[in-house]
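> Next one to model:
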Amino acid sequence: MGIKKVKPTTPGRRNASFDDFADITKTTPEKRLVVAKKRSGGRNNQGKITIRHRGGGAKRAIRIIDLKRDKLEIPATVASIEYDPNRGARIALLNYKDGEKRYIIKPAKLKVGDEVLSSAKKITIKEGNAMPLEFIPAGVAVSCVEIEPGHGAKLARGAGNALYVMGVEGKFAQLKLPSGEIRLVKKGSMCTIGAVSNADKRHVKLGSAGRKRHLGIRPTVRGSAMNPVDHPHGGGEGNQPIGMKHPKTPWGKPALGVKTRKKSKPSDKLIIQRRKRKKK
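Next comes the predicted model:
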């Protein structure tokens with residue numbers, strides 16, 4: 001992927017940057033691997049908004065992604081690299097030797113024509129191959145990692161993300177996450193070799209409110225711009241400070257910098273080193 005800029009014909013385009021889609025080799029998705037996306041606009045079955053700032057946006061279809069990599073010992077060839085509107089990373093279409101087709105989240109260096117393999121045993125350390133963590137040497141970058149074996153990839157699925165194997169000991173592998181956290185994951189969990197593709201995604205600037213609306217994201221209004229009935233920060237003539245020691249959510253709970261992780265979370269015992277704190 002590359003980033004391109006355009007002529008500043010409007011204020012929005014002046015500050016915007018765009019994906020050039022140079023790495024895309026096929027523009028239409030595989031029909032059998034696509035399902036309709038049901039949209040709720042952030043509302044529950046009573047029609048009440050339970051997730052704010054959702055609604056509208058361009059129509060999308062969901063690509064069915066193989067997050068388990070459970071088609072073992074059957075080689076597959078990369079047929080195409082495609083755009084997925086539901087994620088920042090690219091997806092790769094695999095043609096298996098037995099005729100089946102599946103999508104996977106594309107690793108960064110995977111190219112059309114490459115052959116990949118998924119196995120429960122030790123195989124070649126090659127971009128796109130998948131195998132359990134216990135067979136990955138220390139220092140190798142991996143992505144699409146399962147937390148529980150057989151449950152499907154949960155970690156390192158976003159554009160440009162990668163985890164690094166620190167070592168394997170006993171029943172667990174030690175992984176370093178992008179946040180700086182080091183945690184234990186069961187060594188039987190499947191992973192894909194290589195970082196996730198499209199790392200330049202983070203450099204794209206939307207530039208205008210309209211592009212945000214196309215993504216299905218509605219405006220976010222400051223609490224201090226509301227009335228007292230609508231938000232704890234609201235009220236007052238003109239611009240006013242929030243008038244309280246700590247900022248709050250619209251429902252009166254502490255916000256911005258408050259830890260929300262449960263103290264009794266079972267997975268705490270699997271975290272060796274906490275994520276890095278931002279310097280104030």
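> what about stretch 101-120, how long is it end to end?
20 Å (C-alpha to C-alpha, to the nearest Å).
> what distance separates it from the centre of its chain?
From the chain centre to the centre of stretch 101-120 is a distance of 18 Å (C-alpha atoms, centre = their mean, to the nearest Å).
> What are the neighbouring residues in contact with the nearest residue to Gly216 once chain neighbours are set aside?
Closest residue to Gly216 apart from its sequence neighbours, by C-beta to C-beta, 6 or more residues apart in numbering: Gly57 at 2.7 Å. Any C-beta I mention is one placed from the backbone N, CA and C, and that applies to glycine too. Contact partners of Gly57, counting by C-beta atoms under 8 Å, 6 or more residues apart in numbering, are 39, 213-217.
> Over to Gly57. Which of the three states is it?
Here Gly57 is coil, with the state taken from DSSP: H, G, I helix; E, B strand; the rest coil.
> So it versus Ile51, what's the distance?
Separation of Gly57 from Ile51 (C-beta to C-beta, to the nearest Å): 14 Å.
> And for Gly88?
20 Å.
> Also Arg69?
31 Å.
> swap in Arg218?
11 Å.
> the more surrounded of the two?
Arg218 (15 against 11; other C-beta atoms under 10 Å).
> For the stretch 151-280 of the chain, which segments count as strands?
153-155, 163-169, 172-176, 182-186, 190-193, 271-273 (DSSP state E, counting those that start in this stretch).
> Figure out which of those is closest to Lys262.
Counting by C-beta to C-beta, Lys262 lies closest to strand 271-273 out of the strands of the stretch 151-280 of the chain; the figure is 13.0 Å.
> Which other helices and strands does the closest one contact?
With contacts defined as 3 or more C-beta pairs under 8 Å, 6 or more residues apart in numbering; DSSP states H and E, the packing partners of strand 271-273 are strand 182-186.
> and the strand it packs on, which strands flank it?
In the sheet, strand 182-186 lines up against strand 172-176 (antiparallel), strand 271-273 (antiparallel) (DSSP bridges).
> could I get those as JSON lines with mean pLDDT, distance to Ile62 and mean neighbour count?
Converted to JSON lines, the strands paired with strand 182-186 look like this (pLDDT from 0 to 100; distance: least, C-beta to C-beta, whole Å; neighbours: other C-beta atoms under 10 Å):
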{"stretch": "strand 172-176", "mean pLDDT": "95", "distance to Ile62": "28", "mean neighbour count": "22"}
{"stretch": "strand 271-273", "mean pLDDT": "92", "distance to Ile62": "32", "mean neighbour count": "13"}
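> Cool, thanks, talk later.
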